[in-house]
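Undergrad: Fold the following, please.
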Amino acid sequence: MQNAYLLSYAWDRVSEATIVNCFRHAGFAAHSSCTEEAHVEDNTEEVSKDSSLFSDLNNSGISVDMVALINVDDDVATYRGDTMETLIEETLPAEKPSEAEDEAIEEKENVKATPVTCDAAGAALNVLLQFF
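TA: Residues are numbered from 1 along each chain as shown. As a prediction, the model looks like this:
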């Protein structure tokens, strides 16, 4: 949830002039008609502005393919596209352990802990109490 708040905060801090410059750098507006003092209009009339923008671009000789504009991010990869097989391959060890390694692992698993005496446990608790 914190990431959503950070994203919202960051987006709110982006100025309209920054967005205009991004569109200018992307080639959606004629370079000669865009200046750093570009007038950014109010957001309440977006629909009429968009239609007038596209008509202005078409009148200035810049053709805008609406279908390409609408579908510009359809083929953008937003995730790796993993399959179950690739995920399993990543999580499994690269090589199977040798017999010697298998035996060493089994020996470690079969080692039984020696019981702790009350005196040893008390000494360990005293060490912990001194530490904390």
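Undergrad: Tell me how far His25 lies from Trp11.
TA: His25 sits 19 Å away from Trp11, taking Cβ to Cβ, to the nearest Å as the criterion. Any C-beta I mention is one placed from the backbone N, CA and C, and that applies to glycine too.
Undergrad: Please apply the same query to Gln2.
TA: Looking at Gln2 against Trp11, where the rule is Cβ to Cβ, the gap reads 15 Å.
Undergrad: How about the residue in the protein that sits furthest from its center?
TA: Distance from the C-alpha centroid of the chain, by Cα atoms, centre = their mean, peaks at Asp119 (54.2 Å).
Undergrad: any idea how far it is from Phe131?
TA: Counting by Cβ to Cβ, the separation of Asp119 from Phe131 is 19 Å.
Undergrad: Kindly report the same for Ala10.
TA: Ala10 sits at a distance of 44 Å from Phe131 (criterion: Cβ to Cβ).
Undergrad: try Val14
TA: Between Val14 and Phe131 the distance is 51 Å, computed by Cβ to Cβ.
Undergrad: Please say which of these two ends up with more neighbours.
TA: For the pair Val14 and Phe131, the greater number of neighbours falls to Val14 (10 against 6), based on other Cβ atoms under 10 Å.
Undergrad: and that one, backbone torsions?
TA: When read as degrees, to the nearest 10, the backbone of Val14 gives phi -80, psi 130.
Undergrad: about what we covered before: between His25 and Trp11, which one's more packed in?
TA: Neighbour totals were compared for His25 and Trp11, and His25 leads with 11 against 8 (other Cβ under 10 Å).
Undergrad: secondary structure element for the more buried one?
TA: Secondary structure assignment for His25, by DSSP states H and E: helix 16-26.
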